Each structure stands twice: as C-alpha cells, then as structure tokens.
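**Student:** Starting from these lines, generate the structure:
(2 chains)
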Protein chains: 2
Amino acid sequence: MELRSQTFIPTTKETPKGAEAVSHALSLRAGLLHMVSAGIYTYLPLGYKVLRNIEEIVRGRMEQTGAQELFMPALQPLELWQKTGRDKDLEEVMLHVQDRKGRKLCLGPTHEELITEIASKYISSYKQLPVTLYQIQTKYRDEMRPRFGLVRGCEFMMKDAYSFDADESGLNASYEKMLDAYQKIFTECGLEYVVSEADPGAMGGNVSHEFMVPAEIGEDMLYACAGCGLYAREAGQCEHCGQALSESRMIEIGHVFKLGTKYSVPLQATFLDQHGKRNPLVMGCYGIGVSRLLSAIIETNHDEKGIIWPARVSPYRAVIVVLNQEFIPQARRLAERIETGGGSVLIDDRNESAGVKFRDAQLLGIPRILVMGRTFADRKEIEVESRADGERSAMSPDAAAEHV
Amino acid sequence: MELRSQTFIPTTKETPKGAEAVSHALSLRAGLLHMVSAGIYTYLPLGYKVLRNIEEIVRGRMEQTGAQELFMPALQPLELWQKTGRDKDLEEVMLHVQDRKGRKLCLGPTHEELITEIASKYISSYKQLPVTLYQIQTKYRDEMRPRFGLVRGCEFMMKDAYSFDADESGLNASYEKMLDAYQKIFTECGLEYVVSEADPGAMGGNVSHEFMVPAEIGEDMLYACAGCGLYAREAGQCEHCGQALSESRMIEIGHVFKLGTKYSVPLQATFLDQHGKRNPLVMGCYGIGVSRLLSAIIETNHDEKGIIWPARVSPYRAVIVVLNQEFIPQARRLAERIETGGGSVLIDDRNESAGVKFRDAQLLGIPRILVMGRTFADRKEIEVESRADGERSAMSPDAAAEHV
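**Tutor:** Numbering: from 1, shown residues only, chains lettered A, B, ... in the order given. Coordinates of the predicted model:
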C-alpha cells in the first residue's frame, strides 16, 4: 500500500495551458506526466506505473507467441542506414548525432536495419528458423509539430518485433500469430479498436495492417458505415450495404508489415536451406506505440471528472479515501486484505477537505473508490464507489475487501 | 521453460577479436551482447534477462527505502544545463542534438538539472518532504576511448536516485538509507565490494562515497593493506597497522553524493518551511551503473570454462542437458517441477554432441547443470553439477528437483 501523503502525485485543479487534447490535459492534471520541452516528457511516478502495466501486458503476450526479448541501442551508425537507402527516406524525421571522433550516428526512429544486421551475423541455417525478436525501447523522431502529449512526441516508447522465416508461408504463420497477440493486447488495455489493411509506405513490403482507435484527436482517417459497422480507407458508399460512409478520425496504436526480403537482401541476411542453398531471410515487423497507448486509453476512457482506468492498466487496484485521521489504522488493515488478492492500494490519508479528496480520487481514475467517512463512524460501513458508472453501496469492510 | 533449439543464444567457441577484458570476451562468447559500434551494444536475449534481473534487485531495494520510480527523457534542453554552468563542465562528454527547428538539445549524461526543475515545479511545502525519486534509464557519454564492453560505453544503463530534504539532518538520513540499500543490492548481485570516501568532482557537494569492485581491468585505484584489509585513496603506509599499501585496481559500480544546495539554488527549487520561510531544497544523488554491474559480475565470477552466475542474477535457475532425444518429455516434466519453486529452466534439446553441449553449459554459467545421459538410461538418475565448484552427484529426478 502507499500513503498519499508520502506519494509524489502532483495533481492540479486547473487545465494546463497548451493542452490540446483531453488525454493530454488529464495526464498533466492527474500528475502522470511533466512536460520537459515540446514533445519531450517525464513520466512521473503515477504515469510510469501505468506505462509499466501496459509494458507487462505487451511482454506477456509477446512471450506467448514465442518471441524473445532483446534490447537494442538508440544510437545507431548512419552507415547502416546508407546500405538500405533509408538514411534518405527518413532524413527529415531522423535526429543526427556526431561524436568527438567524427563518428556519424543517429537516434533510431526504428530498428529494421540493426536487427537485420544481427540476424545476418547469428542466423546461418534453416534449423534456427523461425525466430521472432522484440524489444520495448525508446524511439526518436524529429517531429515538426509535436502534439497531444504522448500521441505525437519526439521521444517515445515502442514495442517493435521482427520475425525471420525461411519462406512466405513461414512469414504468414508468424504474421498471423502477431495479429492474434495484438488483438489480445489491445483488449486487455481496455481499448475498442479497428483493424484495417494499410499502405506499407516507407517501411516496405506489400502487406500491412493497422490497429486504430476511434478518437477525435486522431490524425488518421477511416470511413465508417453506420449500418453494418465496417470501415473503409476511402470515402463513398459501403461495399457491403450501400449506405453512405461518414468520417471517423483514428489514432494509430499498432502497425504490422510483411516486409519480405526488403532488408535482408541489401544487408545480406541469408541462411542455408535444407538443400544447402543460400536464401535471403523473409521478414515481418510489428510495432506498438506503447506510450501512445497510454494517451489512447485516457482519450477513450474518461468523463468530465477525470480518468477511468481499465482494471489491467490502473496504477492502483483501489483508493481508500479516509475522512477522519482516526480511521487510518483500519484503512491500512483493509488495504492489506485487498492486496492479498494482488495489486496495490492507495490510501488518501492527507489532511485535506472531503471535497478535495473526492475530486482527486475521481481525477486519478482508480477503478474502486472506498470511502471511510460518516457511515464508517456511524455503523462501521465503507462506501464503495465504482469509478466507471458511479454506483455506490455501503458494506462491511469484509464485504468491501471481497468486492474489490 | 525454454528449449535451447528454439532460443536465440548465439554462443561461439573462439574469443572474439578486440575483446580486452575477460568479461567482455565472455559476454560476446556466451551470446549476451552484440557489438553495434565501439561503446554501443545490443543486449541479446540472454544478456537482457541478466540485465532485467539486476534491475529487479535494484528496484526492490529502492522501493524499500520509500524511493519512487519515474522515467525522465534522454533528450534534454541545453538551456537547462546553462543555468548551472554544467553545459561547460561536461562539454567534452556530452552528445549534442539539434532538431529541425533549431532547438538545442543534449543526450543526458546525468539528470540533476532535470530532476531539480521537476522538484521546483511540484514541491512547495515542507509537508511534501522528504521525497526520493529514482529511475532506471539509458545514459549517454561521448567516450573518447570506449573500452571493456559495458564497463566504459557511450550508451549505458544507470539507476539514478535524487533525494530532497528540508535540511542537512534530513539529507543525512536519506543518505544513510541509500548507503544501506546499496550494500544490500551489491551483495544480492554476488559482488564483493569496497566502500570508500571519494572526491565529489563535477557532481558537486562536499561528501561522497564510491562503491568499488576489485578487478584487474578497473580504472580507479585504491591502495590495499594486506594486513588489516583496509583501503586508502593514497599510496603509502596503512594508517591502522603501518604496513606498506599495495596497488589495487577497482571498477566503480556505485557513487553517492551529498549535493546540498548546489542545484536547488541556481534552479530555484525552494520550499516554505514551518515558519513560512522560503529555503532551497537540500539534495543528494545516488548512482548505480546497472549495465556495468553485468560486466563487474562476470569479471569477478568466472573460471577458464566460462561465466559462473550468482543465483539472483542468473538468466535461468538450471539447465538440463539432454543427451538422448527420447528423454525430452521427462526433461520437460523435471523442468516443470523445478519451475514451481520459481525461476525458469533451459532445456538443451539440440542435436549436438555431448562435448558441445557440456562446453556450452559451462560457458553460459547457469548455477545448476542437470545431465540426462547414461546414468539416466541405466538407472533413471540425473547427474547434478554445481557450476561454481564443479561438484557432481547422481540422484533421482525427485531429489534433483528438490536439490535445485
């Protein structure tokens, strides 16, 4: 358990200047983020708890596919990018660094070149295939117009996975496994998402799918059919039922690509097949915007009072609002009992008014709010409020611990 | 459990060119690290498991002191450093980045300026004190001569903590708590270390302590007394027993500083005390070289055959070397039983010679090596070898699971 009086959660009542999106404003007001400079943020303790919860969901589902975690550096030699020509393709968004010895480096906006070099060094035989490697790591992008907090930033957290197969059918199997894992990840994050075929763009390859969350601040467009619920890339009429399609803005949260041999050929990542013949590795790559997920979750899970965290990503399982300092020992005991079922409990033990503490609990968005106030003084009952629907009921501490 | 045939652990027999230290050579040979460029490394899956184990030890002990985890960006505005004058002090080792809009940024070699700015924004009253914040995060250094793998790199992982107190006595209490946590961390990492008073240097303040591990490749010097085991900063005679001191090379693994108000004054990080008077925050900072620990552990825990992991940092609890493919189902059952006690088991199921598999198991350094070979065929017994002392004994699968 953690005591609010000793916890660094700097909440504010006012909406900060310059916050263009609800998720951005709530992230700052609830003490999740601190803006260092445009597009560059510090995750304060509460925000970092949520980020790590999201990472654990992603990690769990990645491991289940058999993908193995590694950790590549952010600094990459520019000459590696020259081999695929992407130093030119991505020139605008790439941040460059030169060291004292004149070595030309960049801060990786992505890691296809580097992972392919690793594969070229360590994969030599069909016996080692298939292999999927992934990392959860910081990426950089020289963003002309950083916006909406974590939605479009200069330094952000990604999960990027890369599959290596012997042929197209192997790639298809790896790709399907990832599509399946992605659906589970986004569902566990409490998101309603849309999967859509997409243009592979600068990443290359010929097949790609995007995972998107409908939201006003989205910078991608899909056209929705109110009749059958399908989405299309182009405006017009629904292919299915003929109804007119209407505009829907989307936040991209994941993108997967069948890359084929786009990187393995120029970087000479080859293997010997059963017949001793040398072939290029057939690759897929799979991204999730981990930090962007945090914003997408808030953008689609809030009300006028504050955030409403889905259970799996919530920084705490419950918050106990103690309105009389005498109840703190009992609040601690209740917290201990709840924590035996997993998760952590926040106790608001501050010497503040009931109004301040209620507003703060609503703002923070913890799924269950347990109030120890008048009903506890009168008849030893806790008022338990569900943050999502505001339903309240009074119950004994036993029942409350059980309920949470 | 993981099957070696499906796990990306690219071991090599030969010592790679350019590896100047035993730990560096073993990290490359055991498939822990891949060198991207001088001083820049990828942690391959096995190396990343070890790094995460070290991180968990650090995190556990930090939480116990009441320190709260946050995550600051690597990119920092240069103007923040101009306020303390450290843009000049650290000019040589700082990597600079300029974005498309001309914004001047650097890749943080450390985070005193940024954390002090955060404190100045969110701490305003003595009621919020003490606060200690920490992060486990990537740091950058324009290293003229990167050496010894992770010991002196350009991109590396640090734990950095920062304490904020109302006065000197508060700082002293925070500092003592950290000293205590550090001792537990390094002991759990399996390291024999020395604590020594040190010169605060560019970090500032007037008191600082270094944690060091004696090792040939160390770049710091302490003078040891063979008689009473004490260390001194200067050569000469032991203050205690008068014996001549002899040279001892040391790797620095941790460094803590009483900073005082060196950063809080120029960055105006102040608070109101009980009497309504405004005072600067009194700070301490506490660093651990998390990735360097990985090297220091190998440097002091190995033999001529390979690494010998201390239990808490080992990537696997045990490795089962299966010398007959028919035993694989029994190996899986044994692994499952061991894993009920926590930790993960590696099964070497590859179609390789016994010699190759034995040598590989020794190189990887997993504390327990369980062999299913002739004694298993003859009388259903597992040969259990302790990697540290090479002791072997045959026992039933039940006893082996219990033993591990």
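
**Student:** can you pull the contacts of the nearest residue to A:Gln98 once chain neighbours are set aside?
**Tutor:** Of all residues not flanking A:Gln98 in the chain, A:Lys104 sits nearest, at 5.8 Å (CB to CB, 6 or more residues apart in numbering or on different chains). Heads up, the C-betas are built off the backbone N, CA and C, glycines and all. Under the criterion of CB atoms under 8 Å, 6 or more residues apart in numbering or on different chains, the contact list for A:Lys104 reads A:77-79, A:96, A:98.

**Student:** ok, now A:Met35?
**Tutor:** Contact analysis of A:Met35 by CB under 8 Å, 6+ apart lists A:28, A:41, A:149.

**Student:** how distant is whichever strand or helix holds it from the center of its chain?
**Tutor:** A:Met35 is part of strand A:33-37, with elements assigned from DSSP states H and E. On the basis of CA atoms, centre = their mean, to the nearest Å, strand A:33-37 sits 18 Å off its chain's mean C-alpha point.

**Student:** now do stretch A:373-380
**Tutor:** So, by CA atoms, centre = their mean, the centroid of stretch A:373-380 is 40 Å from its chain's centroid.

**Student:** Give the buried residues for it.
**Tutor:** Buried residues in stretch A:373-380, counted by 16 or more other CB atoms under 10 Å in any protein chain shown: A:373, A:376.

**Student:** Outside of it itself, list whatever touches it.
**Tutor:** The contact list for stretch A:373-380 (CB under 8 Å, 6+ apart) reads A:321, A:323-324, A:327, A:330, A:354, A:381-383, A:394, A:396-397.

**Student:** Put the buried members of the residues you listed into a PyMOL selection.
**Tutor:** Buried residues within the contacts of stretch A:373-380, by 16+ other CB under 10 Å, are selected in PyMOL with:
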select buried, chain A and resi 321+323+327+330+381+382+383+397
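
**Student:** Just give the closest residue to the residue in the stretch 101-250 of chain A that chain B sits nearest to, not the sequence neighbours.
**Tutor:** Nearest residue of the stretch 101-250 of chain A to chain B (CB to the nearest CB) works out as A:Tyr122 at 3.9 Å. Leaving aside its sequence neighbours, A:Tyr122 sits nearest to B:Pro10 (CB to CB, 6+ apart; 3.9 Å).

**Student:** wait, isn't that neighbour in contact with A:Ser120?
**Tutor:** No - assessed by CB atoms under 8 Å, B:Pro10 is found out of contact with A:Ser120, at 11.8 Å.

**Student:** Tell me which helix or strand in chain A has the weakest average pLDDT.
**Tutor:** None of the helices or strands of chain A scores lower by mean pLDDT, DSSP states H and E than strand A:231-232, at a mean of 83.

**Student:** What segments of the stretch 301-404 of chain A are strands?
**Tutor:** Remark: strands assigned in the stretch 301-404 of chain A by DSSP state E, counting those that start in this stretch are A:302-303, A:306-307, A:318-322, A:345-348, A:368-372, A:382-386, A:392-395.

**Student:** which neighbours does the fourth one have in its sheet, and in what orientation?
**Tutor:** Within its sheet, strand A:345-348 is paired with strand A:2-3 (parallel), strand A:318-322 (parallel), according to DSSP bridges.

**Student:** Now tell me what touches that strand from outside.
**Tutor:** A:1-4, A:7, A:315-322, A:328, A:331-332, A:334-335, A:338-339, A:357, A:360-361, A:364, A:366.

**Student:** mind running it again at 6 Å?
**Tutor:** Defining contact as CB atoms under 6 Å, 6 or more residues apart in numbering or on different chains, one finds that strand A:345-348 is touched by A:1-4, A:316, A:318-321, A:331, A:335, A:338-339, A:357.

**Student:** With stretch A:384-396 instead?
**Tutor:** Where contact means CB under 6 Å, 6+ apart, the residues beyond stretch A:384-396 that reach it are A:308, A:367, A:369-370, A:375, A:381, A:383, A:400, A:403.

**Student:** Can you tell me which of these comes closest to B:Leu281?
**Tutor:** B:Leu281 has its nearest neighbour among those in A:Ile369, at 32.8 Å by CB to CB.

**Student:** Just list whatever residues bridge to the closest one.
**Tutor:** A:Val319, A:Glu385.

**Student:** could you check the distance from it over to B:Val195?
**Tutor:** 46 Å (CB to CB, to the nearest Å).

**Student:** can you pull the contacts of whichever residue of the stretch 201-350 of chain A sits closest to chain B?
**Tutor:** Nearest residue of the stretch 201-350 of chain A to chain B: A:Arg350, at 8.9 Å (CB to the nearest CB). A:Arg350 sits next to A:4-5 when contact means CB under 6 Å, 6+ apart.
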